[in-house]
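1. generate a structure from the sequence data that follows.
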Amino acid sequence: MASKVKRAAGFAQAGLYIVIVIAILVAINFLANRYNKSFDATSNKRFTLSDQTKKVATESKDPITINYWDVPDGFTSAKDLLDRYKNVSSKITINYQDIDKNRVAAIAEGVKQRGTIFVQVGNKKETAKSVTEEEITGAMVRALKGGDRLVCFTAGYGESETTETKPDGYANVKDLTEKNNYKTQVVTLIPTPNIPKECTILVVGGPRHDYLQPAVDAVKGYVEGGGHALIMLDPPLKFGSAIDDNAALVGVLQGWGVKLHKDLVLDLSGVGQLLGLGPQFPIVMKYPQQAIVREMRSVPTGFPITQSLETTKVDGTTVEDVLSTTDAAVTTQDLSSKDVKIDESKKGPRTLAVAGTRTTPDKGRFVVVGTSRWISNNFLAFDGNRDLYMNMLNWLSSDEDLIAIRPKDPEDRRLNMNQSQVSLLFYSSVVALPLLMLFAGISVWWRRR
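-> Down below sits the predicted model:
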């Protein structure tokens, strides 16, 4: 009798444990469905929506609807990303539409293929070209902003070309500009300079030759008439592929409160050397509270072969620093020799970029940077350079609400090993570890004999 009671108590205890485990699993499943949270442990937060996406989604006054058209088997691949949008804001609704089951509705919506994404904000609808954060957030921005924004790149005086795919070209920055909802156009300033009124932003990308006076007058008139310009002038090096002083254009900038020093900035902090770069590549890690860089935090940006700038007080314009080096920077005025002479007694922070606003009724805006190479094909992908460039465009086009860190490209995480490291890995994992397990087994067998 006692054994039966003991057995019954054991069954009851086991049953209670089973009920408790099932209850815990049900509770976890309920909470997981109700509160869809995740933790991103990747180094570059690859599976976390960017600051810009969160900013656009949370600040939208209208509800946002994302309609994804595909067959049910295709919903899974898109669900991971789209659900992140849903978790960002209660204003976002995600609809998964079966393209086969709702064929008539798909035709009415203009769906031409599987995987089509429509983003609707209020009464405005835009298409995302792919299931990526960059495309979906871009579609949101287009729907929110509306209207075309045109970036005009100057040409005719040796500026970097938007069709050039070589390291010093601007093909990549042209693609980046267009992916972020701007159209692009090349404006030739010679023989007859004519900057179209449709240009939202004018980009002067490092002219190697002096602007003739009509071109200078065109740029000056454009900004003072209410236009917005990003002007990048390289140090006038006199060796190799020499660069002209561009005195007339520099004189216009000085009239706006921006003085270019015609020097070469060298960063002796050692940060660049840690990344395999020389002192001619100043790296900026800290930023002021100016709107362009306020959201950059500690994201580094790099500026190869740059000159320093200085702001001065002039009537009709307010100018403020955007980028400055560390205290360990020096400059050299000897631009005629590739052998750089460093005077470490003159260390101190140097300004690399400034932003200005005309206080006249037309309210023109401009950003001046001491190098054009920082957004070339060779350097655009350096850490925060692409974000900084787009922040400058957003500020110039008065879209400060879009200034943030943008969706990140997938990071290349390949492991590079030399021959000795490969040999060490082979012998430790393929030879040593199996032998260690074998010896451990033999030792256990020997003790149990």
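2. helix, strand, or coil at the residue nearest to residue 162 when sequence neighbours are not counted?
-> In space, and not counting its chain neighbours, residue 162 is closest to residue 174: 4.0 Å by C-beta to C-beta, 6 or more residues apart in numbering. The C-beta positions use only the backbone N, C-alpha and C, and glycine is treated the same way. Assigned by DSSP: H, G, I helix; E, B strand; the rest coil, the conformation of residue 174 is helix.
3. per-residue confidence at residue 174?
-> On pLDDT, residue 174 comes in at 97.
4. now swap in the one 10 residues further on and tell me
-> At residue 184, the predicted lDDT confidence score is 97.
5. now the residue nearest to residue 162: how far from residue 291?
-> Computed as C-beta to C-beta, to the nearest Å, the residue 174 to residue 291 distance reads 25 Å.
6. low-confidence ranges in the stretch 51-200 of the chain?
-> 147 (pLDDT under 70).
7. for residue 174 and residue 291, work out which one has more neighbours and name it.
-> residue 174 (21 against 15; other C-beta atoms under 10 Å).
8. what sits against the more buried one?
-> By C-beta atoms under 8 Å, 6 or more residues apart in numbering, the contact set of residue 174 is 153, 162, 163, 184.
9. isn't residue 365 right up against residue 359?
-> No - with contact defined as C-beta atoms under 8 Å, residue 365 does not reach residue 359; the gap is 11.2 Å.
10. between those two, tell me which one has more neighbours.
-> residue 365 (19 against 12).
11. which ones are touching the more buried one?
-> Residue 365 neighbours (C-beta under 8 Å, 6+ apart): 223, 228, 229, 355, 356, 357, 358, 395, 396, 398.
12. grab the nearest non-local neighbour of the third one.
-> Once flanking residues are discounted, residue 229 sits nearest to residue 202: 4.3 Å by C-beta to C-beta, 6+ apart.
13. just the contacts of residue 365: which are in helices?
-> 223, 395, 396 (DSSP state H).
14. need these in TSV (columns: pLDDT, distance to residue 57 and neighbour count).
-> Below are these laid out as TSV (pLDDT from 0 to 100; distance: C-beta to C-beta, whole Å; neighbours: other C-beta atoms under 10 Å):
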residue	pLDDT	distance to residue 57	neighbour count
223	97	34	23
395	94	21	24
396	95	24	24
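15. from residue 97, how far off is the residue most central in space within the chain?
-> In the chain, the residue lying closest to the centroid (C-alpha atoms, centre = their mean) is residue 387, at 3.4 Å. Distance of residue 387 to residue 97, computed by C-beta to C-beta: 34 Å.
16. with residue 425 instead?
-> 49 Å.
17. go on, residue 157?
-> Applying C-beta to C-beta, the value for residue 157 to residue 97 is 52 Å.
18. who has more neighbours out of those two?
-> The neighbour comparison of residue 157 against residue 97 (other C-beta under 10 Å) goes to residue 157, with 20 against 17.
19. so the more buried one touches residue 204, yeah?
-> No - applying C-beta under 8 Å as the test, residue 157 and residue 204 come out as separate, 9.0 Å apart.
20. re the thing from before, just send the contacts of residue 365 back as TSV, with distance to residue 266 too.
-> Listed next are the contacts of residue 365 as TSV, based on distance: C-beta to C-beta, whole Å:
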residue	distance to residue 266
223	31
228	32
229	28
355	24
356	26
357	31
358	33
395	28
396	29
398	36
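21. what's the closest of those residues to residue 29?
-> residue 395 (47.0 Å; C-beta to C-beta).
22. residue contacts, the closest one?
-> Contacts of residue 395 (C-beta under 8 Å, 6+ apart): 291, 292, 355, 365, 367, 403.
23. could you look up the SS state of the first one?
-> What that stands for is residue 291. coil.
24. run the chain-centre distance for stretch 106-123.
-> What separates the centre of stretch 106-123 from the centre of its chain is 27 Å, taken as C-alpha atoms, centre = their mean, to the nearest Å.
25. residues making contact with that stretch?
-> By C-beta under 8 Å, 6+ apart, stretch 106-123 touches 60, 62-71, 74, 78, 97, 99, 125-128, 130-131, 135-136, 139-140, 143-144.
26. among the residues you listed, name the ones in strands.
-> 64, 65, 66, 67, 68, 69, 70, 97, 125, 126, 127, 128 (DSSP state E).
27. how about the residues you listed in TSV, adding distance to residue 372?
-> What follows is the ones in strands among the contacts of stretch 106-123, written out as TSV (distance: C-beta to C-beta, whole Å):
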residue	distance to residue 372
64	37
65	41
66	38
67	42
68	41
69	43
70	43
97	46
125	38
126	32
127	34
128	32
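28. how about these, which pair is most distant?
-> Largest separation among the ones in strands among the contacts of stretch 106-123 by C-beta to C-beta: 64 and 70, giving 19.4 Å.
29. can you pull out the strands in the stretch 101-250 of the chain?
-> Per DSSP state E, counting those that start in this stretch, the stretch 101-250 of the chain carries strands over the ranges 116-121, 124-128, 150-155, 183-188, 201-205, 228-232.
30. what pLDDT, on average, does the last one get?
-> To tie it back to what came earlier, the one meant is strand 228-232. 98.
31. adjacent strands (with direction) for that strand?
-> strand 201-205 (parallel), strand 365-369 (parallel) (DSSP bridges).
32. with the third one instead?
-> Strands adjacent to strand 150-155 in the sheet, as given by DSSP bridges, are strand 183-188 (parallel), strand 201-205 (parallel).
33. would you mark the buried spots in it?
-> 150, 151, 152, 153, 154, 155 (16 or more other C-beta atoms under 10 Å).
34. closest one of the residues you listed to residue 264?
-> Looking across those and measuring by C-beta to C-beta, the closest to residue 264 is residue 154, at 24.0 Å.
35. let me know whether that closest one touches residue 207 as I believe.
-> Yes - counting by C-beta under 8 Å, residue 207 is a contact partner of residue 154 at 7.3 Å.
36. how far off centre is stretch 19-31?
-> On C-alpha atoms, centre = their mean, the centre of stretch 19-31 falls 42 Å from that of its chain.
37. likewise for stretch 95-104?
-> Distance, centroid of stretch 95-104 to centroid of chain: 35 Å (C-alpha atoms, centre = their mean).
38. what's next to that stretch, contact-wise?
-> Residues contacting stretch 95-104 (C-beta under 8 Å, 6+ apart): 65-72, 75, 78-79, 105-106, 111, 114, 116.
39. next one: stretch 68-78
-> Contact with stretch 68-78 is made by 82, 94-100, 106, 109, 111, 114-118, 131, as judged by C-beta under 8 Å, 6+ apart.
40. among those residues, name the buried ones.
-> Buried among the contacts of stretch 68-78 (16+ other C-beta under 10 Å): 82, 96, 97, 99, 106, 109, 111, 115, 116, 117, 118, 131.
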